[in-house]
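Q: A predicted structure for the sequence below; I have some questions about it.
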Amino acid sequence: MEKKVAPKKYALVTGGSRGIGRAVCIQLAKDLSYSLLINYNSNEAAAQETLKEVEAVGGSGEIIQFDVVNAEAVVSKLEAWQENHKDAIIEVIVNNAGITKDGLFMWMKPEDWTNVINTSLNGFFNVTNHLIQKLLVNRYGRVINMVSVSGLKGTPGQTNYSAAKGAVIAATKALAQEVAKRNITVNAVAPGFIKTDMTGDLDEKELKKMIPANRFGEAEEVANLVSFLASEKSSYITGEVININGGIYS
């Protein structure tokens, strides 16, 4: 009788090439037994660097290129990947891809509104909608959406980003209720000020005065929380938005 091969299990991290996405990939490789599927849009060298760091901590993985905004590309790239990995299951989805185009609302260009909404909100839809059916069939899964303190309290100069992340928070709560019976959890992680390329231009010395913890967070601190939510240990937590912001908004 032919021995049945156990499926290889993957965690997909969108926007996994830098910043919080990279830290998440490395932490998942350290803590859990998943192979990493590291998504990037344009910076292949950065994605390869993330993969190297994943392998350096004993993990395995590969990179996959698509723009989360482009629904057709998301479907065709993920289907092609599945075709080449017939025994693979993506069990964990970390929707991390996001962009900012900050500016006061009265001067905001329509494309700055649309691009930010498209990346965070439609990106969440395009990736998760394509993969959710397999999670439901397998009766197990973890969906983790990276949101922001901006999506909870609103940040001046970020009306577009606040709107996008606020919408993903609402979607997280709704989807969690739809899929909970199938042992799939859907949660959101809401970082405050974290040291990454995205916050590189901010005046840390000035801003940290607003933060009770008196410092910016590290990407690795966010990654530890994501890793917990991606594990079996978090099985009774769903529909939650977990703040990780040094007490700035709690």
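A: Good, I have the coordinates. Numbers count the residues shown, from 1 in each chain.
Q: use CA for all of it now, contacts and neighbours both
A: Fine.
Q: now do the helix-or-strand element of the chain with minimal mean pLDDT: everything it contacts.
A: None of the helices or strands of the chain scores lower by mean pLDDT, DSSP states H and E than helix 204-207, at a mean of 82. Residues outside helix 204-207 that contact it (CA atoms under 8 Å, 6 or more residues apart in numbering): 215-216.
Q: following it, which helix or strand comes up?
A: Note on helix 204-207: by DSSP states H and E, the next helix or strand toward the C-terminus is helix 219-230.
Q: which secondary structure elements does the helix or strand following that following helix contact?
A: Using DSSP H and E, the next helix or strand after helix 219-230 towards the C-terminus is strand 241-244. Counting by 3 or more CA pairs under 8 Å, 6 or more residues apart in numbering; DSSP states H and E, the packing neighbours recorded for strand 241-244 are strand 184-191.
Q: buried stuff in the strand it packs on?
A: 184-191 (16 or more other CA atoms under 10 Å).
Q: average pLDDT for stretch 165-177?
A: Throughout stretch 165-177, pLDDT has a mean value of 98.
Q: and that stretch, which residues are buried?
A: For stretch 165-177, the neighbour count (16+ other CA under 10 Å) marks 165-169, 171-173, 175-176 as buried.
Q: which residue ranges form the strands in the chain?
A: 8-13, 35-40, 61-65, 88-95, 141-146, 184-191, 241-244 (DSSP state E).
Q: tabulate these (CSV), appending mean pLDDT.
A: Below are these laid out as CSV (pLDDT from 0 to 100):
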stretch, mean pLDDT
strand 8-13, 97
strand 35-40, 98
strand 61-65, 98
strand 88-95, 98
strand 141-146, 98
strand 184-191, 98
strand 241-244, 98
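Q: the longest helix in the protein is where?
A: Longest helix of the chain, by residue count under DSSP state H: helix 159-179.
Q: helices or strands up against that one?
A: helix 110-117, helix 149-153, strand 184-191.
Q: now the first one, how far from the chain's geometric center?
A: Right, the one you point to is helix 110-117. 19 Å (CA atoms, centre = their mean, to the nearest Å).
Q: just the CA atoms of stretch 50-64, as PDB, please.
A: Presented in PDB, the C-alpha positions along stretch 50-64 are these (Å, rounded to 0.1, in the frame of the first residue of the first chain):
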ATOM      1  CA  THR A  50      14.600  37.700   4.100                       C
ATOM      2  CA  LEU A  51      14.700  34.100   2.800                       C
ATOM      3  CA  LYS A  52      18.400  34.000   3.700                       C
ATOM      4  CA  GLU A  53      17.600  35.100   7.200                       C
ATOM      5  CA  VAL A  54      14.800  32.500   7.500                       C
ATOM      6  CA  GLU A  55      17.300  29.800   6.400                       C
ATOM      7  CA  ALA A  56      19.900  31.100   8.800                       C
ATOM      8  CA  VAL A  57      17.600  30.400  11.800                       C
ATOM      9  CA  GLY A  58      16.900  26.900  10.500                       C
ATOM     10  CA  GLY A  59      13.700  27.600   8.600                       C
ATOM     11  CA  SER A  60      12.800  27.000   4.900                       C
ATOM     12  CA  GLY A  61      10.800  28.900   2.400                       C
ATOM     13  CA  GLU A  62      10.600  30.600  -1.000                       C
ATOM     14  CA  ILE A  63       9.800  33.900  -2.400                       C
ATOM     15  CA  ILE A  64       6.700  34.700  -4.600                       C
END
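Q: for it, buried residues please.
A: 50-55, 59-64.
Q: do the same with stretch 147-158
A: Neighbour counts over stretch 147-158 (16+ other CA under 10 Å) mark 147-152, 154-155, 158 as buried.
Q: just the closest of those residues to residue 247, please.
A: Set against residue 247, the nearest of the buried residues of stretch 147-158 by CA to CA is residue 149 (10.6 Å).
Q: how near is the closest one to residue 241?
A: Computed with CA to CA, to the nearest Å, the distance linking residue 149 and residue 241 is 10 Å.
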